[in-house]
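Participant: Provided below for reference: sequence and predicted model.
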Amino acid sequence: MSPDGPAWLPLRMSRIPTQLRALGWIGFRARLEDGRWKKHPYQIGRPDRLASNADAAHWRGEGDVREVQVMAPELFDGFGGVLTGGIVFIDLDDVRDPGSGVIVPWAEQLVETFDSWAEVSVSGTGLHIFCCGRLPGAGIVGCLDGDPTRRVEV
């Protein structure tokens, strides 16, 4: 990874809630495309092949993630859980200063309100919140209080 790339945080499985650790997992490699970091999913058991979030045969368990982290950490830039039933993912973009780690107040309030697992996004400028629940339909993209600077994707 280029020294100019984002500061990847090592995944510490023991800090992730049990329900999230029980998910299927894929590896990812990040590439800078059009000025933004993009994650491309790969199969942990076959790191030369792309992974599909829709194909359970491409997923591996927590133990496989831990093994790769110890035996071959250079294979992937990170890992991601495949979000299946009962997990809601909230994406907050451009809410964090990657240099100082300071989070804008409205986003910090959301993290505190949901009181669940949250992580820094690949870019270092966003946050992801994971919580239990179900949406009544398709995902939602909107702005809190109609403010375009408070964009939220669920």
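Facilitator: Received the coordinates, thanks.

Participant: and stretch 85-98, what's its mean pLDDT?
Facilitator: Averaged over stretch 85-98, pLDDT sits at 89.

Participant: show me how far it is from its chain's centre.
Facilitator: Mean-position distance between stretch 85-98 and its chain equals 8 Å (Cα atoms, centre = their mean, to the nearest Å).

Participant: ditto for stretch 39-56
Facilitator: Per Cα atoms, centre = their mean, the displacement of stretch 39-56 from the mean C-alpha position of its chain is 15 Å.

Participant: end-to-end on it?
Facilitator: For stretch 39-56, the first and last residues are 19 Å from each other (Cα to Cα, to the nearest Å).

Participant: wait, isn't Lys39 in contact with Phe28?
Facilitator: Yes - the pair Lys39 / Phe28 is scored as a contact, 4.2 Å apart, by Cβ atoms under 8 Å. Where you see a C-beta, it was placed from the backbone N, CA and C, and this is true even at glycine.

Participant: which residues do those two both contact?
Facilitator: Residues touching both Lys39 and Phe28 (Cβ atoms under 8 Å, 6 or more residues apart in numbering): 77-78, 80.

Participant: and those residues as a markdown table, adding neighbour count and pLDDT?
Facilitator: Formatted as a markdown table, the shared contacts of Lys39 and Phe28 follow (neighbours: other Cβ atoms under 10 Å; pLDDT from 0 to 100):
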| residue | neighbour count | pLDDT |
| --- | --- | --- |
| Asp77 | 20 | 87 |
| Gly78 | 16 | 85 |
| Gly80 | 20 | 85 |
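
Participant: which one of those is nearest Val68?
Facilitator: For these, the closest approach to Val68 (Cβ to Cβ) belongs to Gly78, at 10.9 Å.

Participant: pretty sure that closest one contacts Trp37?
Facilitator: No - with contact defined as Cβ under 8 Å, Gly78 does not reach Trp37; the gap is 10.8 Å.

Participant: neighbouring strands - and their directions - for the lowest-mean-pLDDT helix or strand in the chain?
Facilitator: Least confident helix or strand of the chain, by mean pLDDT, DSSP states H and E, is strand 141-143 with a mean of 78. With DSSP bridges as the test, strand 141-143 is paired with strand 151-153 (antiparallel).
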